[in-house]
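# using only what follows, build the 3D model:
(chains A, B, C and D)
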Number of protein chains: 2
Amino acid sequence: MPKETYIPILFSLFRRYGYDGATLSKISAATGLGKASLYHHFPGGKDDMVASVLEHADNWLQENVLDLLASEGSPESRLQKMCDRISDLYECGNQPCILAILQTGTGRDLFHDKVKAVVEAWIEAIADILVEFGIDKALALKRGQDALIAIQGSLIVSHAVDDTSLFQRTIQQLPQVLLRSE
Amino acid sequence: MPKETYIPILFSLFRRYGYDGATLSKISAATGLGKASLYHHFPGGKDDMVASVLEHADNWLQENVLDLLASEGSPESRLQKMCDRISDLYECGNQPCILAILQTGTGRDLFHDKVKAVVEAWIEAIADILVEFGIDKALALKRGQDALIAIQGSLIVSHAVDDTSLFQRTIQQLPQVLLRSE
DNA sequence: AATAAAGTACCGAACGATCGGTTCATTTTC
DNA sequence: GAAAATGAACCGATCGTTCGGTACTTTATT
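Residues are numbered from 1 along each chain as shown, chains lettered A, B, ... in the order given. Alright, predicted model coming up:
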């Protein structure tokens, strides 16, 4: 099996258990691969696996959000589509965000720069569409930040209180919150 | 030294490294205590330490937020004070939230119920003060949730992009956002 | 077309290091 | 002197990692 086969499995493991919690034993069991085989696909070991997962997430964001936000259609419909993709990514609020998870423990020191770059790109893409909509640039940037805050926060709180409707409500009202004139 | 002496150290270790990342070696080094001494104060081992930290955080929340929100003064000033305490707790956005951290890895399975209870109590305390202010009960509950979402989300995003002004801005505007009539 | 060489995918076994946890003799404190 | 607190050595288990090697497919050489 090619290396790409195991990326989704690694992705779900790392965002569930974090860098320190996702042990090679767990990874071996989940992928069905022996530890030695894992090192065939990812010579750099666990760090290599996380880096591959992050790269995969970066590509996903580019294709499903950034390109989408820069495409044609009304700002409302584009933001609406983004929210749909986001809801898929986090499985309606049932799955944590790898970007948030990787800010804890050993993972933070190793991948902070990459996480930062991805989050910043995301924020700027949202800000861009708001500027295009006619919103002041400084305000657009703040709202882009607020969008990420709402996404990450609703994921955290939804998991904490075991209620994904919280995440879904937040995502559903996100487009109008971002586009509101006030 | 009494056991309480080490709670703040454990607190800062666990919210920085998470359950799996905060190893006994790190804890021993940070507290200056040998493992035997740690097990004297916390016979239940690491789980006992985390439970004590969570209990400490629960007490902190009770004294600095819940009691405050239920005290006298205008809703604005009480919410304002809560935001000040919150800013202290998270050191102006420089420190993560233990409640968010403990939702990852091994810690999640062990402490999810306790985390859930603390977060729910927090949400309800905010909702109560909004009801007292004259806001509809259902809306007040949503805004209580939104408050926690804003706090947790701004912490995550601030750490991600290395900019605590994001957290500070969110906290600063929280009272008027919660009390807005609309 | 037959054969050699190279590459891909995988695994069992073991490595040294560190994990969380324990034991126990000794020191400190009152 | 009794009780609390501690340092040091140690436990089995697990950590991430490496090694040597097998099976199979693809490419290159003749």
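# wait, residue A:89 touches residue A:64, no?
Yes. Assessed by C-beta atoms under 8 Å, residue A:89 is found in contact with residue A:64 at 7.5 Å. C-betas here are computed from N, CA, C, even on glycine.
# out of the helices and strands in chain A, which is least certain?
Of all helical and strand segments in chain A, the minimum by mean pLDDT, DSSP states H and E falls on helix A:67-69, at a mean of 91.
# check which helices and strands that helix sits against.
helix A:75-89, helix A:106-133 (3 or more C-beta pairs under 8 Å, 6 or more residues apart in numbering or on different chains; DSSP states H and E).
# looking at those helices, which is nearest to residue B:13?
helix A:106-133 (13.4 Å; C-beta to C-beta).
# the most centrally placed residue in chain A: what's it in contact with?
With distances taken as C-alpha atoms, centre = their mean, residue A:97 lies nearest the centre of chain A, 5.1 Å away. Residues in contact with residue A:97, defined by C-beta atoms under 8 Å, 6 or more residues apart in numbering or on different chains, are A:15, A:90, A:151, A:152, A:155.
# the first one: how many residues sit nearby?
Going back to what we said before, that points to residue A:15. Residue A:15 has 21 neighbours, counted by other C-beta atoms under 10 Å in any protein chain shown.
# interface residues of chain A facing DNA strand D?
Among all residues of chain A, those adjacent to DNA strand D (criterion: C-beta under 7 Å from any atom of the strand) are A:22, A:23, A:24, A:25, A:26, A:35, A:36, A:38, A:39, A:45, A:46, A:47.
# of those residues, list those near chain B.
Among the residues of chain A next to DNA strand D, the residues that sit close to chain B (C-beta under 8 Å from any C-beta of the partner chain) are residue A:22.
# just the buried members of the contacts of residue A:97?
A:15, A:90, A:151, A:152, A:155 (16 or more other C-beta atoms under 10 Å in any protein chain shown).
# so which of these belong to helices?
A:15, A:151, A:152, A:155 (DSSP state H).
# which pair in the residues you listed spans the largest distance?
Pairwise over these, using C-beta to C-beta, the maximum falls at A:15 and A:151, 14.0 Å.
# now rank the residues of chain A next to DNA strand D by neighbours and give me the top one.
residue A:22 (26 neighbours).
# tell me the contacts of that one?
By C-beta under 8 Å, 6+ apart, the residues touching residue A:22 are A:13, A:14, A:16, A:46, B:105.
# residues contacting the closest residue to the last one other than its chain neighbours?
What it means is residue B:105. Nearest residue to residue B:105 in three dimensions, chain neighbours excluded: residue A:21, at 2.9 Å (C-beta to C-beta, 6 or more residues apart in numbering or on different chains). If you count contacts by C-beta under 8 Å, 6+ apart, residue A:21 has them with B:18, B:19, B:20, B:104, B:105, B:106.
# residue A:45 now?
Residue A:45 makes contact with residue A:39, according to C-beta under 8 Å, 6+ apart.
# please apply the same query to the one 4 residues further on.
When contacts are counted by C-beta under 8 Å, 6+ apart, residue A:49 touches A:10, A:14, A:27, A:38, A:42.
# check those and tell me the two furthest apart.
Within those, A:14 and A:38 form the most distant pair, 13.4 Å apart (C-beta to C-beta).
# can you redo the contacts of residue A:22 as a markdown table with pLDDT?
Listed next are the contacts of residue A:22 as a markdown table, based on pLDDT from 0 to 100:
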| residue | pLDDT |
| --- | --- |
| A:13 | 97 |
| A:14 | 98 |
| A:16 | 97 |
| A:46 | 97 |
| B:105 | 94 |
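# now, the most widely separated pair of those?
Across these (C-beta to C-beta), the longest gap, 15.0 Å, separates A:16 and A:46.
# what is the neighbour count of the closest residue to residue A:154 other than its chain neighbours?
Using C-beta to C-beta, 6+ apart and skipping the chain neighbours, the partner closest in space to residue A:154 is residue A:170 (3.9 Å). Number of residues near residue A:170 (other C-beta under 10 Å) recorded here: 24.
# ok, residue A:120 next?
Neighbours of residue A:120 (other C-beta under 10 Å): 17.
# picking that back up, and which of the contacts of residue A:22 is nearest to residue B:163?
residue A:14 (24.8 Å).
# residues in contact with that closest one?
By C-beta under 8 Å, 6+ apart, the contact list for residue A:14 reads A:22, A:49, A:50, A:53, A:98, A:101, A:102.
# that one and DNA strand C, how far apart?
Residue A:14 sits at a distance of 19 Å from DNA strand C (criterion: C-beta to the nearest atom of the strand, to the nearest Å).
# thinking again about what came up before, out of the contacts of residue A:14, which are buried?
Here, 16+ other C-beta under 10 Å leaves A:22, A:49, A:50, A:53, A:98, A:101, A:102 buried among those.
# can you pick out the most distant pair from the contacts of residue A:97?
Using C-beta to C-beta, the contacts of residue A:97 span at most 14.0 Å, a distance reached by A:15 and A:151.
# you'd agree residue A:156 is up against residue B:150?
No. Because the distance of 10.9 Å does not satisfy C-beta under 8 Å, residue A:156 is recorded as not touching residue B:150.
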